[in-house]
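Engineer: coordinates for the following, if possible.
(chains A and B)
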Amino acid sequence: MARIRPAVAPARPAPGPSVGSRTVKTAILVATTFAACAVEMVEALTIVLAVGITRGWHAVRLGIAAALAALAVIVAVLGPALTLIPLDTLRLVIGFLLLAFGLQWLRKAVLRAGGAVALHDEDRIFEEERAVARSHAATGGEFDWYAFTLSFKGVFLEGLEVAFIVIAFGDTHHNLALGALAAGAALVTVVVLGVVVHGPLSRVPENALKFAVGLMLISYGTFWGGESVGVGWPGGDLAILVLVAWYAIVASVLVLLVRRRHGAAAISMAEAG
Amino acid sequence: MSYVRAFFRFWYDFVVGDDWRLALAAAAALGASALAVAASVPAWWVAPVVLSGFLAFVVLREPT
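Structural biologist: Down below sits the predicted model:
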């Protein structure tokens, strides 16, 4: 039978995991949210910098502020609202979403690490965004809605996935504030680096972060999704670490296979040419 | 009408992303786990195996 939680705190009964287990889970929550937010914000920063440097900063600043406010509202409203949903249903939906996101992240990271797809090139994307921003005529004295919309979309769309991760991890860990804090710390770090560098953050090991976040999302998605349909995990919460190790091995083997396949294809193309 | 389509298109892209087979994998893994639980079979291994198999299938069929 689905468990329904009261809307007021305490939202969840304390399941009573050990202090060590709680610490590990909290560390994973903070690290995953921080890394996911950092990756998405590096991509958003590239767009924002390209538009701001090309068209001026007034409308861009307002676009960023509006996007961050919208994301904060989503987290603030949706997070507590989820406590009204039965726990098993919530875990099933969150488990599915984490699996869907995690598989996408890991697929891209494996293909990039294996050389089948080019690494995310922030410098190239930055120049492309600048060219597009230049091609749209300035509105001359009026508010620059083009720059506002572009910066809003860049920050909002990149941040939406992070907002879901913050809500998913925060809600199931009974600690939405900690997830939001980790995301905020990543945002500040990326913004400070962006101001210092004053250019796209092309040296951030984006694919390695994507790889790690993909592993975490799949592992947690497997664990929570499994629990929601009645799977009993050997070792309880510590099974998450085993899942992380399992998926890391699978993904590493896939990188090797893709690299070998890609290398063989390149050689045959060179011989044919 | 175009706003409604755009709304659903946005959420489809957001959840399903570039490759619909991976969203199918997520659903299949949870569905297979539920079936194993219903059949009283130890189910903890089902989702990791299904997801790993789908991921390998999708990644290794990617054109080089």
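
Engineer: need the helix or strand of the chain with the lowest average pLDDT.
Structural biologist: All of this refers to chain A. helix A:122-135 (a mean of 74; mean pLDDT, DSSP states H and E).

Engineer: which elements pack onto the following helix or strand past that helix?
Structural biologist: Using DSSP states H and E, the helix or strand that follows helix A:122-135 in sequence is helix A:145-172. Other elements packing on helix A:145-172 under the criterion 3 or more Cβ pairs under 8 Å, 6 or more residues apart in numbering or on different chains; DSSP states H and E are helix A:19-55, helix A:58-81, helix A:87-113, helix A:122-135, helix A:176-197, helix A:206-228. (C-beta placed from N, C-alpha, C; glycine too.)

Engineer: so which bits of the longest one are buried?
Structural biologist: In this case it means helix A:19-55. Within helix A:19-55, the residues that qualify as buried by neighbour count (16 or more other Cβ atoms under 10 Å in any protein chain shown) are A:21, A:24-25, A:28-30, A:32-55.

Engineer: any low-confidence regions in the stretch 151-273 of chain A?
Structural biologist: Across the stretch 151-273 of chain A, the ranges flagged by pLDDT under 70 are A:171-173, A:198-204, A:265-273.

Engineer: again with chain B
Structural biologist: For chain B, the stretches with pLDDT under 70 are B:1, B:64.

Engineer: looking at it, which helix is longest?
Structural biologist: Longest helix in chain B by number of residues (criterion: DSSP state H): helix B:20-38.

Engineer: okay, angle between that one and helix A:87-113 too, please.
Structural biologist: Compare the direction of helix B:20-38 with that of helix A:87-113 by axes from the mean of the first three to the mean of the last three Cα atoms, to 10 degrees and you get 140 degrees.

Engineer: now helix B:20-38, how far from the chain's geometric center?
Structural biologist: Between the centre of helix B:20-38 and the centre of its host chain there is 7 Å, according to Cα atoms, centre = their mean, to the nearest Å.

Engineer: list the buried residues for that helix?
Structural biologist: In terms of neighbour count (16+ other Cβ under 10 Å), helix B:20-38 has its buried residues at B:21-23, B:25-26, B:28-30, B:32-34, B:36-37.

Engineer: just the pLDDT for A:A70.
Structural biologist: Listed pLDDT for A:A70 reads 91.

Engineer: what distance do you get for the residue lying closest to it once chain neighbours are set aside to chain B?
Structural biologist: Nearest in space to A:A70, with sequence neighbours left out and distances taken as Cβ to Cβ, 6 or more residues apart in numbering or on different chains, is A:F156 at 5.9 Å. Using Cβ to the nearest Cβ, to the nearest Å, we find A:F156 at a distance of 11 Å from chain B.

Engineer: on that earlier part again, export the helices and strands packed on helix A:145-172 to a markdown table and append columns for distance to A:L257.
Structural biologist: A markdown table is the format used below for the helices and strands packed on helix A:145-172 (distance: least, Cβ to Cβ, whole Å):
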| stretch | distance to A:L257 |
| --- | --- |
| helix A:19-55 | 24 |
| helix A:58-81 | 38 |
| helix A:87-113 | 9 |
| helix A:122-135 | 27 |
| helix A:176-197 | 32 |
| helix A:206-228 | 15 |
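
Engineer: re the thing from before, now do the contacts for the residue nearest to A:A70.
Structural biologist: Contact analysis of A:F156 by Cβ atoms under 8 Å, 6 or more residues apart in numbering or on different chains lists A:A67, A:A70, A:L71.

Engineer: neighbours of A:F211, just the number please.
Structural biologist: Per other Cβ atoms under 10 Å in any protein chain shown, the neighbour tally for A:F211 reads 22.

Engineer: residues in contact with it?
Structural biologist: Counting by Cβ under 8 Å, 6+ apart, the residues that A:F211 touches are A:W105, A:L106, A:A109, A:V110, A:A113, A:A251.

Engineer: hang on, isn't the third one packed against A:M216?
Structural biologist: No: checked against Cβ atoms under 8 Å, the pair A:A109 and A:M216 is beyond contact range at 11.9 Å.
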